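1. Give me a 3D structure for the following:
(one chain, ligands or ions: 3)
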Amino acid sequence: MRLNLQAKYQLSISIILTLSIVLLALLLLWYGKQASVEVRTASADLMRHEMMVQVEERALSLVRALSSNLVNPLYSYRIESIYRLLANALKNNDVVAVEVFDPHGVIQHDGTRDITRFGAKVSNGRMVAALNHGASYHSTLENGRLSLAHAIKIGDKLLGGVCLTLSLERVSQNIALMNRELKEISQTSRNRQVVIALAASLLSLAAALVLGMMLARYLVYPIRQLVQATHSISEGQYHFTLDLKRRDELGELADSFNAMSRSLDRHQQEVHHIAYHDALTELPNRLMMKKLLNESLETSRKEESLMALMLIDLDNFKEVNDSLGHDAGDLLLKEAARRIADEVRNQQDLVMRGELPHDRVEQQMVSRLGGDEFTVIAVDLSVQKDAAAIARRIIQALRRPFVIQEQVVGIGASIGITLAPLDGESAEVLIKNADLAMYQAKYKGKNTFAFYDQEMTREIEKFSRVKQELGAAFEHAEFELYLQPQVRLDTGRVVGSEALIRWNHPERGLVLPGEFVQVAEETGLIAQMDDWVLESACSMVRYLEQRLNSSFYLAVNLSSQQLTDKRLPRKLQRLLGNYKISSGSLHLEVTETMLIKDEGRAALVLDQVAAIGCPIWLDDFGTGFSSISHLQRFPLTGIKIDRAFIKNLHERERDRQLAHALITLAKMLNLEVTAEGVEREEQALYLKQWECPLAQGYLYSRPLPLDEFKALLQGLQGLQGQPQSEAGRLSAAEAETSAEILPV
Ligand code: C2E
Ligand code: MG
Ligand code: MG
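-> Numbers count the residues shown, from 1 in each chain. Ligands and ions are numbered 1, 2, ... in the order given. You can find the predicted model right below:
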């Protein structure tokens with residue numbers, strides 16, 4: 001057991017005081033007992049002496065009276081008178097014997113009628129001798145009896161003596177009685193002393209304890225307070241003031257403690273500010289944001305209110321940093337932080353002034369996560385719309401041009417919004433959600449906001465699963481190129497095919513490119529995939545040409561990365577050389593979305609590719625930007641009208657008009673046209689009617705593995721009966737295979 005200072009102090013004082021008091025009390029009691037014994041003995045002695053003196057005096061007066069009364073009877077020896085006198089004397093209490101004797105000590109009378117002891121000698125010879133020597137009386141104390149002899153004289157002549165013997169039994173009894181009483185008195189007084197000593201001890205003990213406590217309080221209490229203060233400091237709590245109200249050393253110590261706590265507190269606040277704030281914008285940093293977010297979540301949980309976390313990412317900030325330098329970037333971030341904070345503050349003001357349609361005051365906290373990312377925590381929202389309103393205002397504020405180092409700079413912001421408790425109830429989940437939503441906003445085309453929805457999480461999970469599996473898929477050669485025939489509509493012949501990648505997943509079976517091409521692009525695996533596709537396509541062309549003994553082309557879909565890769569033309573040349581195939585056998589498909597990412601570079605690469613002789617097609621035409629300038633700027637062989645226009649062609653007049661217009665436009669620009677996604681005969685009829693040269697779709701065949709595709713072509717050849725080898729191989733328009741395809 002650990003005792004604190006005060007307890008130890010009090011315990012020691014109590015033990016010492018208790019021992020001293022008990023010792024003192026014992027000493028007093030012992031001394032009292034001794035004194036009482038002494039007093040009792042002395043009193044008993046004194047009283048005994050007093051009683052003896054009284055007995056003796058009584059006996060003396062009796063014997064004196066007797067001796068004077070016996071003078072005459074003894075002188076005249078009147079026996080009867082002597083007898084009466086002695087008998088009278090014997091009647092006195094305590095008188096046990098009386099004897100009259102002559103000067104020689106011979107007994108003359110003993111008070112009995114018969115004078116039994118007549119003539120005998122008195123037992124005490126010294127008594128007789130003393131009387132003969134002139135003493136008037138002589139007393140002897142023997143065997144509890146007092147014998148007092150008195151001379152009987154006539155004039156100077158000694159006639160004899162009378163001896164009175166008294167029993168001292170009664171005196172002894174009285175003395176014993178008196179002793180008992182004295183003892184009782186002394187016992188009572190001792191008891192009283194014990195009680196008094198005990199009471200005094202208890203009182204002193206209580207007084208000592210009180211004194212001890214007061215002393216302890218005076219000395220130990222301030223020390224305890226100082227110890228508590230030290231504990232607080234060691235636990236990082238510096239908000240205390242010791243008020244000991246003393247002017248001694250302890251008071252000075254307390255003052256020093258107070259000064260120290262104040263300085264530590266100041267220091268801690270500074271450290272806290274540095275640790276929890278962003279040095280550039282002075283806004284709370286990521287750490288603080290998490291703290292604020294957790295607190296806000298707790299409050300919104302308790303109050304069952306709605307809150308939002310918004311993640312703001314500046315659009316094109318990197319460009320500003322790269323072109324104007326980091327100092328300018330910092331200035332821009334500061335200004336952006338100020339605008340966001342102002343906007344949030346304005347929002348609050350509007351609510352306060354009642355100009356916003358909700359009755360409760362919102363609170364928003366702005367933080368900078370790092371880089372060009374900011375967050376706003378908006379609590380106590382009435383509806384989801386409120387978060388959208390704040391986001392909209394922030395976007396507007398950041399859209400206004402910035403003047404940085406005398407240059408006008410334009411940026412924007414993409415904002416991801418997630419709501420609690422709807423989307424999640426922990427800080428980590430909300431931050432992740434807001435991040436996903438922000439990416440969604442960027443994906444939507446920047447300068448906008450997006451709310452998180454659970455589909456995003458599923459997408460991300462799918463993304464990371466695919467990302468993990470893609471690497472292994474290459475090692476295990478799980479990819480395969482499927483071929484989908486392209487048909488010349490006027491002749492119904494297969495002139496080529498589009499190469500479409502497939503993933504033979506060991507568990508999920510055949511996986512379509514929509515699920516993994518974008519993942520490969522985002523993870524960088526696309527380069528490996530592109531190389532594999534090109535190489536496989538070239539080897540397939542070679543293979544098919546040899547087997548079918550006719551010219552044939554494959555159209556390969558390029559990735560965005562390939563489109564801007566300056567090495568692509570040389571790569572193509574090498575492949576064409578390696579597989580000994582003509583450039584016209586390898587068609588390349590690009591989309592407008594890819595082109596606009598870096599039009600300059602794409603044009604550079606595509607010009608070189610066209611120079612090699614590979615036909616270039618604009619894929620999915622009509623869905624993207626459908627810019628006529630693209631048709632002019634890039635060296636295109638043709639366009640592929642997207643499936644979206646073909647799908648409802650047979651049902652919707654508007655789609656028919658659009659598809660027809662696109663075909664006409666392409667023709668006028670001297671471009672080839674392939675209609676994608678032709679599934680029905682009616683669609684094919686319309687296309688034929690509008691003289692659309694080429695078609696591709698399930699009507700003719702689904703994408704097939706190489707062997708099946710080869711079998712399909714061979715079957716068609718068989719039907720046709722003669723392999724066509726004379727077909728040209730330079731372009732899609734020219735290149736016709738011998739195979740005629742029947743609608744399936
Ligand atoms: P895309 O280049 O527009 O390819 C045509 C898509 O339409 C193919 O989907 C094809 O299977 C599908 N399709 C063809 N005819 C019909 C039809 O009649 N009805 C319907 N509903 N669909 C039809 P797939 O194979 O899933 O490919 C999707 C996209 O993936 C392609 O669109 C292309 O952009 C991309 N892709 C395919 N293979 C590769 C590749 O090897 N490399 C790259 N970078 N992208 C590829
Ligand atoms: Mg394509
Ligand atoms: Mg397409």
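
2. What segments of the stretch 501-650 of the chain are strands?
-> 509-511, 553-557, 586-591, 616-621, 638-641 (DSSP state E, counting those that start in this stretch).

3. so how far is residue 19 from the closest residue to ligand 2 within the stretch 51-200 of the chain?
-> As assessed by CB to the ion, ligand 2 sits closest to residue 198 within the stretch 51-200 of the chain, at 112.9 Å. C-beta: built from backbone N, CA, C; applies to glycine. In this view, residue 198 and residue 19 are 16 Å apart by CB to CB, to the nearest Å.

4. And the strands in the stretch 1-150 of the chain?
-> 95-101, 107-109, 137-142, 145-154.

5. any idea how far the last one is from the chain center?
-> Same thing as strand 145-154. 116 Å (CA atoms, centre = their mean, to the nearest Å).

6. Let me see the mean pLDDT of stretch 396-406.
-> Averaging pLDDT along stretch 396-406 gives 92.

7. Tell me the buried residues in that stretch?
-> Buried residues in stretch 396-406, defined by neighbour count with 16 or more other CB atoms under 10 Å: 397, 398, 402, 404.

8. JSON lines for the strands of the stretch 501-650 of the chain, including mean neighbour count?
-> Converted to JSON lines, the strands of the stretch 501-650 of the chain look like this (neighbours: other CB atoms under 10 Å):
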{"stretch": "strand 509-511", "mean neighbour count": "13"}
{"stretch": "strand 553-557", "mean neighbour count": "25"}
{"stretch": "strand 586-591", "mean neighbour count": "24"}
{"stretch": "strand 616-621", "mean neighbour count": "23"}
{"stretch": "strand 638-641", "mean neighbour count": "26"}
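
9. so can I have CSV of these showing mean pLDDT and distance to residue 259?
-> Shown next, in CSV, are those (pLDDT from 0 to 100; distance: least, CB to CB, whole Å):
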stretch, mean pLDDT, distance to residue 259
strand 509-511, 95, 71
strand 553-557, 97, 75
strand 586-591, 97, 72
strand 616-621, 95, 75
strand 638-641, 96, 81
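
10. Let's have the ones you listed in JSON lines, adding distance to residue 220.
-> Listed next are those as JSON lines, based on distance: least, CB to CB, whole Å:
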{"stretch": "strand 509-511", "distance to residue 220": "79"}
{"stretch": "strand 553-557", "distance to residue 220": "87"}
{"stretch": "strand 586-591", "distance to residue 220": "85"}
{"stretch": "strand 616-621", "distance to residue 220": "87"}
{"stretch": "strand 638-641", "distance to residue 220": "93"}
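
11. returning to that earlier point: I'd like to know which of the strands of the stretch 1-150 of the chain lies nearest to residue 671.
-> strand 137-142 (170.3 Å; CB to CB).

12. and that closest one, what does it pack onto?
-> On a contact count with 3 or more CB pairs under 8 Å, 6 or more residues apart in numbering; DSSP states H and E, strand 137-142 meets helix 5-75, helix 125-132, strand 145-154.

13. Then residue 295 would be within a helix, right?
-> Yes. According to DSSP: H, G, I helix; E, B strand; the rest coil, residue 295 belongs to a helix.

14. Relative to residue 586, how far out is it?
-> Relative to residue 586, residue 295 is positioned 62 Å away (CB to CB).

15. swap in residue 21?
-> For residue 21, the distance to residue 586 - CB to CB - is 116 Å.

16. before we move on, what about residue 16?
-> Distance from residue 16 to residue 586, counting by CB to CB: 109 Å.

17. And for residue 340?
-> Applying CB to CB to residue 340 and residue 586 gives a distance of 51 Å.

18. and the closest residue to residue 135 other than its chain neighbours, how many neighbours?
-> Spatial nearest neighbour of residue 135, excluding adjacent residues (CB to CB, 6 or more residues apart in numbering): residue 151 at 7.1 Å. Taking other CB atoms under 10 Å as the criterion, the count of residues near residue 151 is 21.

19. could you check the distance from residue 151 over to residue 37?
-> Distance from residue 151 to residue 37, by CB to CB: 44 Å.

20. and if you look at residue 434?
-> 100 Å.

21. same thing with residue 580?
-> Distance of residue 580 to residue 37, given as CB to CB: 144 Å.

22. So if I had to pick from these two, which one is more boxed in?
-> Of the pair residue 580 and residue 37, residue 37 is the one with more neighbours under other CB under 10 Å, namely 13 against 10.

23. show me what contacts that one?
-> Contacts of residue 37 were listed using CB atoms under 8 Å, 6 or more residues apart in numbering, and they are residue 186.

24. Just the pLDDT for it.
-> In this prediction, residue 37 carries a pLDDT score of 82.

25. Check residue 20 too.
-> You'll see residue 20 listed with a pLDDT of 81.

26. Residue 138 too?
-> 92.

27. Quick check: beta-bridge partners of it?
-> residue 149 (DSSP bridges).

28. Residue in the stretch 251-400 of the chain with the shortest distance to ligand 3?
-> Nearest residue of the stretch 251-400 of the chain to ligand 3, counting by CB to the ion: residue 315, 29.0 Å away.

29. how would you label the residue lying closest to residue 434 once chain neighbours are set aside: helix, strand or coil?
-> Once flanking residues are discounted, residue 434 sits nearest to residue 311: 3.8 Å by CB to CB, 6+ apart. Under three-state DSSP, residue 311 falls in the strand class.

30. who's in contact with residue 311?
-> Residues near residue 311 by CB under 8 Å, 6+ apart: 369, 373, 374, 375, 415, 416, 417, 431, 434, 435, 437, 438.

31. list the contacts for the fifth one?
-> The reference is to residue 415. Counting by CB under 8 Å, 6+ apart, the residues that residue 415 touches are 310, 311, 312, 313, 391, 394, 395, 438, 441, 448, 449, 450.

32. Need phi/psi at it.
-> phi -120, psi 130 (degrees, to the nearest 10).

33. So in terms of bridging, what pairs with it?
-> Beta bridges link residue 415 to residue 312, residue 449, judged by DSSP bridges.

34. distance of it from ligand 3?
-> Note on residue 415: its distance to ligand 3, by CB to the ion, to the nearest Å, is 33 Å.

35. ok so, going back, what number of residues are in the vicinity of the residue of the stretch 251-400 of the chain closest to ligand 3?
-> 21.

36. Give me every residue in the stretch 551-700 of the chain lying close to ligand 1.
-> Contacts of the stretch 551-700 of the chain with ligand 1, taken as CB under 6 Å from any ligand atom, map to 557, 559, 589, 619-620, 643, 676-679, 696-698.

37. So, low pLDDT: which residues of this structure?
-> 1-6, 347-364, 717-744 (pLDDT under 70).

38. any idea how it splits into domains?
-> What automatic domain parsing lists as the domains of the chain is 1-60+174-238, 70-167, 286-452, 477-737.

39. Figure out which of those is closest to residue 269.
-> When the domains of the chain are compared (using CB to CB), the closest one is domain 1-60+174-238, at 9.0 Å.

40. Could you identify the most distant pair in the residues of the stretch 551-700 of the chain next to ligand 1?
-> It's 559 and 679 that sit farthest apart of these, by CB to CB, at 27.0 Å.

41. near ligand 2, which residues of the protein?
-> Within reach of ligand 2 by CB under 5 Å from the ion, the chain has these residues: 557, 589, 619.

42. Recalculate using a threshold of 6 Å.
-> Within the chain, the positions lying close to ligand 2 (CB under 6 Å from the ion) are 498, 557, 589, 619.

43. which residues touch the residue in the stretch 201-350 of the chain positioned nearest to ligand 2?
-> Closest residue of the stretch 201-350 of the chain to ligand 2, CB to the ion: residue 315 (30.0 Å). With contact set as CB under 8 Å, 6+ apart, residue 315 has these partners: 411, 412, 413, 414, 442, 446, 447.
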